[in-house]
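Chemist: sharing a sequence plus its predicted fold:
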Amino acid sequence: MQGAQGGQIPIQRHDIAILEELEHGRPHEWITQRRVDHARHLLEATELPINEVATAAGFADPILLRKHLRGTVGLTPNAYRRSYAAPQADPA
């Protein structure tokens, strides 16, 4: 696994064994879910462009982010961000 820079996660073989035990042999799914969770946070809390969110969350490209986010929450990254945008106050 790569370091945090470039969206990769540093992980030791021992950690993989623990993940396999906890996640019934699916560490890749666990890692992908952590990436989706991080992307969701970035979409909610920042105005970073989608391609930068994808990179920061560890996805190789925005298409993979879109695929995994849509599979998890049923929304594209843009739709997810819009759903969490603060409602605009009416001018007085």
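Modeler: Done, it's in.
Chemist: shaky segments in the protein?
Modeler: 1-12, 15-16, 19-25, 86-92 (pLDDT under 70).
Chemist: check it for its longest helix and report it.
Modeler: The longest helix of the chain (DSSP state H) is helix 27-45.
Chemist: go through it and flag the buried ones.
Modeler: For helix 27-45, the buried set under the neighbour-count rule, 16 or more other C-beta atoms under 10 Å, comprises Pro27, Ile31, Thr32, Arg35, Val36, His38, Ala39, Arg40, Leu42, Leu43. Bear in mind the C-beta positions are built from the backbone N, C-alpha and C, glycine included.
Chemist: quick one: list the elements packing against that helix.
Modeler: Of the remaining helices and strands, those touching helix 27-45 by 3 or more C-beta pairs under 8 Å, 6 or more residues apart in numbering; DSSP states H and E are helix 13-22, helix 50-57, helix 62-73, helix 77-84.
Chemist: give the buried residues for the last one.
Modeler: In terms of neighbour count (16+ other C-beta under 10 Å), helix 77-84 has its buried residues at Pro77, Tyr80, Arg81.
Chemist: fine, thanks again, bye for now.
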